[in-house]
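Undergrad: Let's see this in three dimensions:
(chains A, B and C)
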Amino acid sequence: MRKLGVIVNPVAGMGGRVGLKGSDGIEILEKARKMGAKPEAPRRAAEALKVIANIKDQIKVYAYPHEMGADECLEAGLEPEVIGSIKSGATRPEDTMEAARLMVAKEVDLILFAGGDGTARNIHTAIGANNIPVLGIPAGVKIHSAVYAINPRSAGEVASLYLQGKVVEIKEAEVMDIDEEAFREGRVNARLYGYLRVPVERRVQSVKSGAHSEQAEIQGMAADVVANMEPDTLYIIGPGTTTRSIMERLGLEYTLLGVDVVLNKQLLQLDVGEEQLFNLVEQHKGNARIVVTAIGGQGHIFGRGNQQISPRIIRKVGKNNITVVASRDKLVALQPHPLLVDTGDPDLDQELSGYVRVVTGWEDSIMYRVSNDAG
Amino acid sequence: MARQQRKLLRDNYHQARWDEPIIFEMSVPGERGVLVPMASEEIASQVGDGASAIPASLRRKKAPALPEVNQMRVNRHYYHLSQETLGTDVTLGISEGTCTMKYSPKVQEHMASRHPGIVEVHPHQDPETMQGLLEIYYKVEQFLKEVSGMDAFSLQPGGGAHAVYTNASIIRAYHRARGDHKRTEIITTMFSHPCDAATPNTAGFKVITLMPDESGYPDLEAMKAALSERTAGIMITNPEDTGIYNPRIEEYVRAAHAVGALCSYDQANANGMLGIHRAKEANFDLVHFNLHKTFSAPHGSMGPATGAVGVKEFLKPYLPVPRVEFDGQKYTLNYNYPESIGKVRTFFGNANVVLKTYMWIMQHGADGLKEAAICSVLNNQYFMKKISQIPGVVIPYAKGKRRLEQVRYSWEKLMQDTGVGTDDVNRRLVDFGIEHYWTSHHPWVVPEPFTLEPCESYNKEDMDEYIEVLQQISKEAYEDPDFVKKAPYKAASHRPTHSAIDDPELIAVTWRQYQKKKGLRK
Amino acid sequence: MPKKTIVYPYIPNSVPEVKAELMKEVGVTDPMDLYEEIPDHLRFKEELKLPEPILDEYSIRRHTDEILKKNKTADEYLCFLGAGCAPHFVPAVCDEINGRGEFLTAYVGDSMGDHGKWQALFEYCSLMGELLDMDILSIPMYDGGQAASSSLRMANRINNRKKVLLPATMNPEIFMVVKNYLNSVPQPEIEIVQIKFDPNTGLMDLNDLKNNMSNDVCAVFIENPSYLGFIETQAEEIGKIARQAGAEFIVYTDPISLGVMEAPANYGATITCGDYHPLGLHLGAGGCQGGFIATHDDMKYISEFKDLMFGLTDTIQEGEWGFGEVLYDRTSYGSRDKGKEFTGTSTGLWAITAGVYLSLMGPKGMQEVGTTIMQNSQYAAKKLSAIPGVKIQLSSPFFKEFVVNFDMTGKTVAEINKKLLEFKIFGGKDLSHDFPQFGQSALYCVTEIHQQKDIDKLAYALQGVISC
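TA: Residues are numbered from 1 along each chain as shown, chains lettered A, B, ... in the order given. The predicted structure is shown next:
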């Protein structure tokens, strides 16, 4: 019998309804409440849980107390075991983190949570190195993290499939870190915060199209990049799970969230900062290649987690020495929107706009549009 | 004009469901299905038992564990299986959009499967004894030349993808003959058939794919950015599988030619354009047709088929051999093409498919081909109008533009409103005697897709029946989504527990593998 | 000039009233308006220059019949041609089943509505699996040429080596298909080396094989029986040499021989391939071919098949068989980087037929047909070698084909075959072009369909042709 953990962040999304961006922070929450904002997350959580209630006899449910999970479960017709304790009406991010820790201790098979980017970050912090899959029920206004399903019902369905042991893939999805203050002041300062494992429904293809495997294609891409690596050239490998496959192919250590440098297929430097990287490039007389992938829900190839690759570094290396890698599925999900660049240098962004060949597999690439519209 | 209104929906339909065992389960030791001719006594006395000439190490030690079933039961078994199959002969092939499931006239089928003049001909016979066969090949080539405007055809490839692969091989040979070793890339589009990417990749090219722009046409600016002196060719399907004709197609061709690349036209969806649009006027260098789609040969449960490859004169030297030629009196086979890519298939290809093509074209002529095209497109546009009115359907791209041979629809709204998606609708279809429809090639750029093609074989009532079925399922989705999701109820079998098997423990592609995994056999 | 309106039986909406109704529904007055998306200058404005149509069914049938009657057939003539397309007996039930409209006109339907088709194809794989004594097969390919080509590329993907060793006795047409298929851009990546053979036996020259064996050979490929008909008696040893060097051992076999000959899997083959044409299919002017590839149950191989496989599973209904598609997403075996070639429509109907054939034949039938074939072919060889000037070129045992040499007759094979036509006999395939080292030789094919009187007639005719 599989175990499900349910955590609801009841205040997520409250800011959005009344025109405020985000709702992290007690002050903003107060402001939102004064403006008449009502909690969104509980309603959406219940919607997802109603779908799961169809298999309630096949699973065991753990929920955090009151409006942080238990209420929504009961409303949906589930009978959860309630764990932990909260101060009802005054919940904080710390509650989310403690909830996740307790669920991990209970060895649940899946943590279903309702909230926004902040909630996702909290879950990520709490789970740590544990590999428990999670799935988000969207309830906040701004969702940049890829750990969320498209809508509550879909979340309920995928979770149900997973809990029944049906065919689903487990993908690594990005958790994005947004600076709330800066965001409300109109500045977007996002970075890749980390990854969580998320179940995704598998699509069955027909005989006519042949077998499709995103995994296989990504490995093909990595093989392609490695096969084309030139000697005595620095390879600046940006963060992300897609670029990681290149490091894995080379059999090298790597950082998932940092920028690593490779030379002659050996690891030169792990997790470099901007200064160090610039010096390396200088030493190499600019003979370098940058390898990046799309980060964040909007497909940023620069600016959402690889800010170490600064404008001066990009200029030194040269626009023609940038290799973009991504899975075909990622680009299909992104289109018709272009890949985005936000280096911090508007002129550079303009230069980088146009079309780029994105390596998507072995000897396989997609010609994709790149734009500087931060949107 | 009054037509009798009768119930179109076959809600009483039930597919044959025989609970048929796997043939091995029917085995009875000792039973014989057919007896085999034996060598005469005199022969046996002269040469012995024959098989002892095989050295001991290569002699079969254990008889193959084939089942032993009497003839009546074998016949009945396969009859049962055929009844559990929805071929176009029994269902509305409108479902298989992009496959052009038209009626395969029985007069053609009987000729190809019964006439000794094709069934009992050996491909290596003296060409003088095969003049009829060669005449058919030669004439079909001439017909296809005319239909496309190309200068030479090969009928050797065994399918559409095979034809595109042949084209990629020809492009490869062409550049190599020019001494140009830089031409390592082929450009194609996301909505072209996946073989337009997979086959050049197989041929050794690096493939660059273009995404559709907002209107659904391949991004021309992206193409221009992708073209270079490394481009060997572009491979494009037009209209694409969405049914949208790209009116700027020759701009792509011009841009490609400007960098010295060749242009290959995937005409799998040509049915709607016969006599109306040709590869030649769009300036393509290579083309291919699917004879088992456009030209009425049946699909045979995935073959045999034929992909006819057509080229301009300057590429003729590279075509596969042999070529069928005519000197005014006799037909001959010519292998003397030193620059040919060689062969992509043994012998001449699928002669039966070529014969059916011949007969179909001969029964229609220029006017008939054009009529087929017009009625096909007319049907499709009528269909599109009706389908667009069904709740839950969305038709992305090219708003307000007339589509040609087929349309890619989307149940995206249905999914959002009810949670019922294209796979669910697809399973419910069979309950009304309609074959599972074709969704889309991967990747699903269009969400919850379904692609339908009411080609010229279907009359208005057929189309109305199909539309009514979809209306019914849409209604059910809004009223009782769970009911739709649990379908099919009346098909030959129910939903498999694993429609996608990726756990090595569960893979059983043969009966013996299955038995070994269950511990029933060593 | 107004044309007569024709209502075509295959184009039902060509009925003018219906057409008008539909046109009105979609808002066009002229049919050409349907094509407004095609710019004017891209429209073909002329008439296609095609022959006047033969509209009625009787006439087209008669017209086609007259053309096909110009062909001489194995119905009226004795056919001793093989070379990859041999005349074998086709049980009536085979024709019955592949004439079933449902199978004939099905395509890519899912496993519920097309359950029967999926099961029939699964059974084809299963039956072939028994014949080949291997657990894994995919849905069929175009022909043996494709099977051979894909097997070689599979081997290359498995071990990443870049050279293949092929026998110089190989089927020349398959060799051409392989050569094109192993080609690449900007130059071929896989090198093809042909291994010499002993001119007296036809057998592979093992010294030449050993000399060419190295760590960059991805596969050693043999035909057994050979294209030239002989049985490669050194097969096991060749396999050892290949496998010891870490190469794949690919055996291209004739499935109808496997009732009397050992399955290649049991003498070391790691990949078995071939053409299943002999199993229940007519000559069909070469249009009834079909390829197969089989391997053992090892993810290393399974993950390299280019075509999909149907796996047996159950359904939500207890006790019911169901079918699913085998994917290999979760496995990290094999060279996942390179694309797995391409897939598409191939030869489904013929594969179903081969399944029917094997169901009818059973183990005894396969043993009997193999025996009859060998008895007949040995008898034929004996009779022909008794004719002055005629000799059997190779001394090795053979299955259903053998090379006949006519050098001592002073006549060319071409001349002889022309004369044989007058006796209503299709003589063996002329090898003088492809195998000049054999002089004026022909490949004769004798199977279970040749009765003693047919073989005697051949001998008699040859005698007559040679002596005059």
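
Undergrad: Which strand or helix spans residue C:319?
TA: For residue C:319, there is no enclosing helix or strand under DSSP states H and E.

Undergrad: In the stretch 101-250 of chain C, what residue lies closest to chain A?
TA: residue C:108 (4.7 Å; C-beta to the nearest C-beta). (Glycine included, C-beta is placed from N, CA and C.)

Undergrad: Would you agree that residue is in contact with residue B:97?
TA: No - under the criterion of C-beta atoms under 8 Å, residue C:108 makes no contact with residue B:97, lying 10.8 Å away.

Undergrad: tell me, what's touching the two both at once?
TA: Residues touching both residue C:108 and residue B:97 (C-beta atoms under 8 Å, 6 or more residues apart in numbering or on different chains): residue B:438.

Undergrad: of those two, who's got more company?
TA: The residue with more neighbours, out of residue C:108 and residue B:97, is residue B:97; 29 against 22, by other C-beta atoms under 10 Å in any protein chain shown.

Undergrad: The more buried one - that's part of a strand, no?
TA: No - assigned with DSSP: H, G, I helix; E, B strand; the rest coil, residue B:97 falls outside any strand and is coil.

Undergrad: Look up how far residue B:241 lies from it.
TA: Using C-beta to C-beta, to the nearest Å, we find residue B:97 at a distance of 8 Å from residue B:241.

Undergrad: hmm, back to that, what kind of secondary structure is the residue of the stretch 101-250 of chain C closest to chain A in?
TA: Quick answer, by three-state DSSP: residue C:108 is coil.

Undergrad: where does the chain have low pLDDT?
TA: Let's take chain A. Where chain A drops to pLDDT under 70, the residues are A:13-26, A:28, A:37, A:140-142, A:167, A:179-190, A:202-213, A:373-375.

Undergrad: my bad, the chain I had in mind was chain C
TA: Along chain C, the model assigns pLDDT under 70 to residues C:1-3, C:328-339.

Undergrad: Longest helix in it, by number of residues?
TA: In chain C, taking DSSP state H as the definition, the longest helix is helix C:348-385.

Undergrad: How about that one and chain B, touching?
TA: Yes - applying C-beta under 8 Å from any C-beta of the partner chain, one finds helix C:348-385 in contact with chain B at C:348-350, C:352, C:355-356, C:358-379, C:382.

Undergrad: From these, list the buried ones, please.
TA: C:348-350, C:352, C:355-356, C:358-379 (16 or more other C-beta atoms under 10 Å in any protein chain shown).

Undergrad: Now do the strands in chain B.
TA: For chain B, the strands defined by DSSP state E occupy B:152-154, B:185-189, B:206-210, B:231-237, B:262-266, B:286-290, B:307-311, B:323-326, B:331-334, B:407-410, B:449-452, B:500-501.

Undergrad: if we can go back for a sec, show me whatever sits in contact with both of residue B:97 and residue B:241.
TA: Both residue B:97 and residue B:241 are in contact with B:406, B:408, B:451, where contact means C-beta under 8 Å, 6+ apart.

Undergrad: closest to chain C among those residues?
TA: Chain C lies nearest to residue B:451 out of the shared contacts of residue B:97 and residue B:241, by C-beta to the nearest C-beta, at 11.4 Å.

Undergrad: which residues touch that closest one?
TA: Taking C-beta under 8 Å, 6+ apart, we find residue B:451 in contact with B:97-98, B:241-243, B:406-409, B:437-440.

Undergrad: Format the residues you listed as TSV; extra columns: pLDDT and distance to chain C.
TA: Output for those, formatted as TSV (pLDDT from 0 to 100; distance: C-beta to the nearest C-beta, whole Å):
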residue	pLDDT	distance to chain C
B:97	90	11
B:98	89	10
B:241	85	14
B:242	88	12
B:243	88	10
B:406	91	14
B:407	93	13
B:408	94	15
B:409	95	16
B:437	93	9
B:438	92	7
B:439	89	10
B:440	87	12
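
Undergrad: could you pick out which of those are near chain A?
TA: Contacts with chain A are made by B:438, B:439 out of those, judged by C-beta under 8 Å from any C-beta.

Undergrad: From the chain's centroid, how far away is the longest strand seen in chain C?
TA: The longest strand of chain C (DSSP E) is strand C:217-224. Taking C-alpha atoms, centre = their mean, to the nearest Å, one finds the center of strand C:217-224 at 18 Å from the center of the full chain.

Undergrad: What strands line up against that strand, and which way round?
TA: Here strand C:217-224 is paired, per DSSP bridges, with strand C:163-167 (parallel), strand C:248-253 (parallel).

Undergrad: and residue A:266, how far is that from residue A:260?
TA: Going from residue A:266 to residue A:260 by C-beta to C-beta gives 11 Å.

Undergrad: Which one's more surrounded, these two?
TA: Taking other C-beta under 10 Å, residue A:266 and residue A:260 do not tie; residue A:260 has more neighbours (25 against 9).

Undergrad: list the contacts for that one?
TA: Each residue near residue A:260 by C-beta under 8 Å, 6+ apart is listed here: A:237, A:247, A:252, A:254, A:267, A:269, A:270, A:271, A:272.

Undergrad: who does it bridge with?
TA: Here residue A:260, judged by DSSP bridges, has bridge partners residue A:237.

Undergrad: same deal with residue C:405?
TA: Under the criterion used here (DSSP bridges), residue C:405 is bridged to residue C:391, residue C:441.

Undergrad: Enumerate every residue touching it.
TA: C:390, C:391, C:392, C:393, C:438, C:439, C:440, C:441.

Undergrad: likewise residue C:77?
TA: Listed by C-beta under 8 Å, 6+ apart, the contact partners of residue C:77 are B:129, C:421, C:424, C:425, C:426.

Undergrad: likewise residue C:177?
TA: Contacts of residue C:177 by C-beta under 8 Å, 6+ apart are B:342, B:343, B:344, B:345, B:346, C:145, C:146, C:148, C:149.

Undergrad: Which ones among the residues you listed lie within helices?
TA: Judged by DSSP H, helices contain the following of those: C:145, C:146, C:148, C:149.

Undergrad: Now render those as TSV, adding neighbour count and distance to residue C:344.
TA: Below are those laid out as TSV (neighbours: other C-beta atoms under 10 Å in any protein chain shown; distance: C-beta to C-beta, whole Å):
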residue	neighbour count	distance to residue C:344
C:145	29	16
C:146	32	11
C:148	28	18
C:149	24	15
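
Undergrad: Export those as a markdown table, with columns for distance to residue B:235.
TA: Below are the ones in helices among the contacts of residue C:177 laid out as a markdown table (distance: C-beta to C-beta, whole Å):
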| residue | distance to residue B:235 |
| --- | --- |
| C:145 | 23 |
| C:146 | 21 |
| C:148 | 26 |
| C:149 | 21 |
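
Undergrad: Among the residues you listed, which ones lie close to chain B?
TA: Subset of the ones in helices among the contacts of residue C:177 in contact with chain B: C:145, C:146, counting by C-beta under 8 Å from any C-beta.

Undergrad: Surely residue B:339 and residue B:172 touch.
TA: No - with contacts counted by C-beta under 8 Å, residue B:339 stays clear of residue B:172, the gap being 12.0 Å.

Undergrad: Of the two, which one has the most company?
TA: Neighbour comparison, residue B:339 and residue B:172: the larger count goes to residue B:172, with 26 against 13 (by other C-beta under 10 Å).
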